[in-house]
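Participant: I would like to see how this sequence folds:
(one chain, ligands or ions: 1)
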Amino acid sequence: MKFIADGMLGKLARWLRLAGHDVIYIGDLNVPASEQDDTLLSLSKSGKKVLLTRDMALHRRARRAGIRSTLIEGSAVVEQLVELSKRCGSKIRIQPESSRCPMCNGLLELAGKEEIEGKIPATVLRAQSEFWRCVKCGKLYWHGKHWKTILEMASRYNRMVK
Ligand SMILES: [Zn+2]
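Facilitator: Coordinates of the predicted model:
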C-alpha cells in the first residue's frame, strides 16, 4: 500500500518510511499551503495512494471523489499506526528490514565500508558492520540508537494491533 500524508502527519510519514512503506509527505514538496489540499487529492488519485489526513473536511472531500482516505485522530505515532491498521482493514506491517529513507522516501541500499570512509565518524565506522545509503538523497544510515527505538516501537505496535 502506498500513502500520501497531509502537513500535520510528518512524524507518521517518516515513521511509515522507516517501517518500509512508500509515503509521500506533502511537507517535503514545495507546495503553497493554499494549494496543499488540491495537490493531496490529485496525487492520491493519480498515484492510487491512500490519503492520510487529520482534516475531517479534506477526508470527506476525498471520499466524495472516490479516493481512499483515512482520517487519523490519535496524537502519538503508535496510536496513529494502530488506527491506520484498523481503518485500512488490513494490518499495516512494520518491516524495519526494508526501511526507506525517512527524509526523502528513497530506497536504501547496502554500502561498503570503503565507500563511506571519511563521511561518517570513525567511531561509528569501527562499531558498526552494516551501512545503508539512500539511492535518492545519498544520506547514510546505520543501526544506531534510533534503530533500538524503532524496534521497541514496532513491538509495542505489534502488541497493540493484534
Ligand atoms: Zn533519502
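
Participant: sheet partners, orientation included, of whichever strand or helix holds residue 3?
Facilitator: Per DSSP states H and E: residue 3 is located in strand 2-5. In the sheet, strand 2-5 lines up against strand 22-25 (parallel), strand 50-53 (parallel) (DSSP bridges).

Participant: quick one: residue 36 and residue 8 touch, right?
Facilitator: No: between residue 36 and residue 8 there is no contact under Cβ atoms under 8 Å: 10.5 Å. From N, CA and C alone the C-beta is placed, and that goes for glycine too.

Participant: starting at the chain centroid, how far to the lowest-mean-pLDDT helix or strand in the chain?
Facilitator: Lowest on mean pLDDT, DSSP states H and E among the helices and strands of the chain sits helix 145-161, with a mean of 81. Taking the mean of its C-alpha atoms, helix 145-161 sits 14 Å from the chain's own mean (Cα atoms, centre = their mean, to the nearest Å).

Participant: with stretch 56-72 instead?
Facilitator: Between the centre of stretch 56-72 and the centre of its chain there are 20 Å (Cα atoms, centre = their mean).

Participant: kindly report the same for stretch 63-77.
Facilitator: Using Cα atoms, centre = their mean, the offset of stretch 63-77 from its chain centre is 15 Å.
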